[in-house]
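Participant: Predicted model and sequence follow; I will ask about them next.
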Amino acid sequence: MEEVTAFTAPGRYIYFSRSLYQLCATDAEVALVVAHEIAHHDLGHINLFAGWAPKIASLPGAKFFAFAFHVLEQHLYGPKMECDADRYGLDLCLAAGYDAQQCLELFRVLEQYALDMKDLDMVYGPEKSDDDLDEHASWKTKAEIWAWQHSRGYLPIRDRRQMLLKHVQGRVATGKAI
């Protein structure tokens, strides 16, 4: 796969494209990618596909199935499940002894790639996303942001990194090991 991506599928399958792997400068960055995908398994995000997908994966054309599953996965998981997988994946990395800051460098890598591809929305989100945290934002603004997030399947890269930084700070505040 030429796409810079990683995703999971039912069974024991995690797909990690060579293109993404080559962008990662450290083992910690690679670990966060893999842990994020493991998190989808552990959190039950792929249970919907558990019964029938492994049978299809062994048929000819399994690479096409994997790509089709990846596209479907983006629409079904949505930002909440992706954020849950980010947090759980980072916790797995911390439990394995990786440094949180080194793991979070993955988001710098993803941001640089998105900027190189001229995908400013993937880094910053839609222009209106700055208003989504405002309790007085209009329903139209909130609906547009929701639609953008669900069409992409993820929060913007900067928002994801910021959420994980807050997660790490919360762990420190509660005395959980980092």
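Facilitator: Thanks, I have the structure now. Numbering: from 1, shown residues only.

Participant: any idea how far the host helix or strand of Ile145 is from the chain center?
Facilitator: Take DSSP states H and E as the rule and Ile145 turns out to sit in helix 139-152. Its chain's C-alpha centre and that of helix 139-152 lie 18 Å apart, by C-alpha atoms, centre = their mean, to the nearest Å.

Participant: Following element in sequence after that helix, please.
Facilitator: helix 157-173.

Participant: Report the mean confidence score over that next one.
Facilitator: In this model, helix 157-173 carries a mean pLDDT of 93.

Participant: Which residues outside that helix are in contact with it?
Facilitator: Helix 157-173 is contacted from outside by 82-83, 86-87, 90, 94, 100, 104, 107, 110-111, 114, 122-125, 129, 154-155, 177-178, using C-beta atoms under 8 Å, 6 or more residues apart in numbering. For glycine as for every other residue, the C-beta is placed from the backbone atoms N, C-alpha and C.

Participant: residues touching the residue nearest to Pro156 when sequence neighbours are not counted, list them.
Facilitator: Leaving out its chain neighbours, the residue that sits closest to Pro156 by C-beta to C-beta, 6 or more residues apart in numbering is Gly125, at 3.6 Å. Each residue near Gly125 by C-beta under 8 Å, 6+ apart is listed here: Ile145, Trp148, Gln149, Leu155, Pro156, Arg158, Asp159.

Participant: From Trp148, how far off is Gly125?
Facilitator: As for Gly125, its distance to Trp148 is 7 Å (criterion: C-beta to C-beta, to the nearest Å).

Participant: what's the helix or strand for the closest residue to His45 other than its chain neighbours?
Facilitator: Excluding the flanking residues, the one nearest His45 by C-beta to C-beta, 6+ apart is Met81, at 5.2 Å. Per DSSP H and E: Met81 is located in helix 62-95.

Participant: after that helix comes which helix or strand?
Facilitator: Per DSSP H and E, helix 62-95 leads on to helix 100-116 as the next helix or strand towards the C-terminus.

Participant: could you give the angle of that following helix to helix 157-173?
Facilitator: 170 degrees (axes from the mean of the first three to the mean of the last three C-alpha atoms, to 10 degrees).

Participant: Just list what the very next helix or strand once past helix 100-116 packs against, helices and strands only.
Facilitator: Using DSSP H and E, the helix or strand that follows helix 100-116 towards the C-terminus is helix 120-124. Counting contacts by 3 or more C-beta pairs under 8 Å, 6 or more residues apart in numbering; DSSP states H and E, helix 120-124 packs against helix 100-116, helix 139-152, helix 157-173.

Participant: got the CA positions of the last one in CSV?
Facilitator: Extracted C-alpha coordinates of helix 157-173, given in CSV (Å, rounded to 0.1, in the frame of the first residue of the first chain):
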residue,chain,number,x,y,z
ILE,A,157,-4.0,16.1,14.3
ARG,A,158,-3.4,19.0,16.6
ASP,A,159,-6.5,18.3,18.6
ARG,A,160,-5.6,14.6,19.0
ARG,A,161,-2.1,15.5,20.2
GLN,A,162,-3.5,18.1,22.6
MET,A,163,-6.0,15.5,24.0
LEU,A,164,-3.2,13.1,24.6
LEU,A,165,-1.1,15.7,26.3
LYS,A,166,-4.0,16.4,28.7
HIS,A,167,-4.3,12.6,29.2
VAL,A,168,-0.7,12.4,30.2
GLN,A,169,-1.0,15.4,32.5
GLY,A,170,-4.0,13.7,34.1
ARG,A,171,-2.0,10.6,34.7
VAL,A,172,0.7,12.7,36.4
ALA,A,173,-1.9,14.5,38.6
